[in-house]
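Undergrad: here is a sequence with its predicted model. Questions after.
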Amino acid sequence: MSESEFQRGVLPAAEVAKILNAARVPNILFGWKLTSLSLILETAVRALIDNGFNYCDDAQCVELKLHRWWKRFEQNTPYPVTDIAALCAWNNVHEKADAHFHIKEKQFPGPKFTVVSLFKQSRVLWSLPTLTLDPVAPDDPTFILTNDTARLPPLTADRVKSPSGPWTDVSPVKTLTNTALVEAVLWLVLRCLRYKNHDIENYWHRMFHWLFLASIEGERQRALRDTLKPEFEPLIDKYQDESKAETPTEYLKRLLPQLIAKGKV
Ligand SMILES: [Zn+2]
């Protein structure tokens with residue numbers, strides 16, 4: 001495994017999953033660029049603290065702000081280049097976690113991602129089956145292990161668009177299949193549309209954009225369309241329809257009343 005893969009948060013993610021599995025806390029890896037997990041909270045927090053993770057209870061922490069860089073807006077100070085980059089980051093406005101930890105430099109030297117965020121399943125992944133510690137079947141449509149070399153696409157030379165490839169050098173982490181991840185994000189977009197939570201809608205929409213439009217090649221886009229739930233299939237067509245007769249968001253808004261009536265959002 002190359003150094004760049006480790007920088008994507010592989011080591012912290014694998015370590016967190018190992019600790020939570022040992023504590024009998026059902027968990028999966030989920031979130032923006034694979035940095036968050038969804039699970040039962042209190043036991044998880046205790047288990048991570050007991051294993052040296054740095055729990056944050058700072059009420060002023062930037063992770064508790066909707067806009068992570070809110071403080072700097074208020075201070076109206078000149079921005080270093082790195083701050084401007086942070087302000088423009090797609091995940092600057094984010095879904096606030098139920099608990100979070102800051103990764104210490106000596107814990108995982110040089111990780112690109114420095115926060116482990118924990119969410120209760122009901123907050124973000126209500127659309128999924130209840131998480132368990134059960135093993136993952138080789139053809140499970142919802143869950144997949146991060147070391148599944150048969151189902152996960154390999155790392156390629158294109159380091160911008162490439163997936164990370166299977167994680168074969170660390171203990172496996174339960175995560176979502178491509179289809180289940182895209183659907184989970186779409187449910188989150190729909191929930192934001194229902195409650196007119198436009199900032200967070202943008203956040204999830206951008207994640208969908210990244211998952212679908214930027215990081216998946218044509219063949220996989222077609223495979224994705226064929227495995228999505230029927231109500232989401234037309235959405236893929238809307239993205240690919242150059243006439244833009246109906247935008248993807250317009251389609252989702254049209255779909256929303258039906259899904260609310262069915263109790264899905
Ligand atoms: Zn914090």
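TA: Thanks, I have the structure now.
Undergrad: could I get the full set of strands for the stretch 151-265 of the chain?
TA: Secondary structure of the stretch 151-265 of the chain, counting by DSSP state E, counting those that start in this stretch: strands at 174-176.
Undergrad: indicate the residue of it located nearest to the ion.
TA: The stretch 151-265 of the chain approaches the ion most closely through Tyr203 (18.3 Å), counting by Cβ to the ion. (Each C-beta comes from the backbone N, C-alpha and C, glycine too.)
Undergrad: how many other residues sit next to the closest residue to Ala97 other than its chain neighbours?
TA: Computed as Cβ to Cβ, 6 or more residues apart in numbering, the closest residue to Ala97 that is not its neighbour in sequence is Ser117, at 3.5 Å. Using other Cβ atoms under 10 Å, Ser117 has 21 neighbouring residues.
Undergrad: does Ser117 touch Cys61 like I think?
TA: No: contact criterion Cβ atoms under 8 Å: Ser117 and Cys61 do not qualify, at 11.6 Å.
Undergrad: so for these two, which residues contact both of them?
TA: By Cβ atoms under 8 Å, 6 or more residues apart in numbering, Ser117 and Cys61 have these common neighbours: His100.
Undergrad: does Thr130 count as helix, strand or coil?
TA: Using DSSP: H, G, I helix; E, B strand; the rest coil, the structure places Thr130 in coil.
Undergrad: identify the residue spatially nearest to it, adjacent ones excluded.
TA: Counting by Cβ to Cβ, 6+ apart, Gln121 is the residue found nearest to Thr130 once chain neighbours are left out, at 7.1 Å.
Undergrad: just the pLDDT for that neighbour.
TA: pLDDT recorded at Gln121 is 88.
Undergrad: that one and the ion, how far apart?
TA: The gap separating Gln121 from the ion is 22 Å, by Cβ to the ion, to the nearest Å.
Undergrad: remind me which residues of the stretch 101-250 of the chain are low pLDDT?
TA: For the stretch 101-250 of the chain, the stretches with pLDDT under 70 are 110-113, 158-163, 213-218.
Undergrad: from it, which residue is nearest to the ion?
TA: Here the residue of the stretch 101-250 of the chain nearest the ion is His102; by Cβ to the ion that distance is 5.5 Å.
Undergrad: which helix runs longest in the protein?
TA: Using DSSP state H to define each element, the chain has its longest helix at helix 178-194.
Undergrad: could you dump that one to CSV, C-alpha only?
TA: C-alpha atoms of helix 178-194 as CSV (Å, rounded to 0.1, in the frame of the first residue of the first chain):
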residue,chain,number,x,y,z
ASN,A,178,-21.1,2.0,-4.1
THR,A,179,-24.9,1.7,-4.7
ALA,A,180,-25.8,1.8,-1.0
LEU,A,181,-23.5,4.8,-0.4
VAL,A,182,-25.0,6.8,-3.3
GLU,A,183,-28.5,5.9,-2.1
ALA,A,184,-27.7,6.9,1.4
VAL,A,185,-26.5,10.3,0.3
LEU,A,186,-29.5,10.8,-1.9
TRP,A,187,-31.8,10.2,1.1
LEU,A,188,-29.8,12.8,2.9
VAL,A,189,-30.3,15.3,0.1
LEU,A,190,-34.0,14.5,0.1
ARG,A,191,-34.3,15.1,3.8
CYS,A,192,-32.6,18.5,3.4
LEU,A,193,-35.0,19.4,0.6
ARG,A,194,-37.9,18.5,2.8
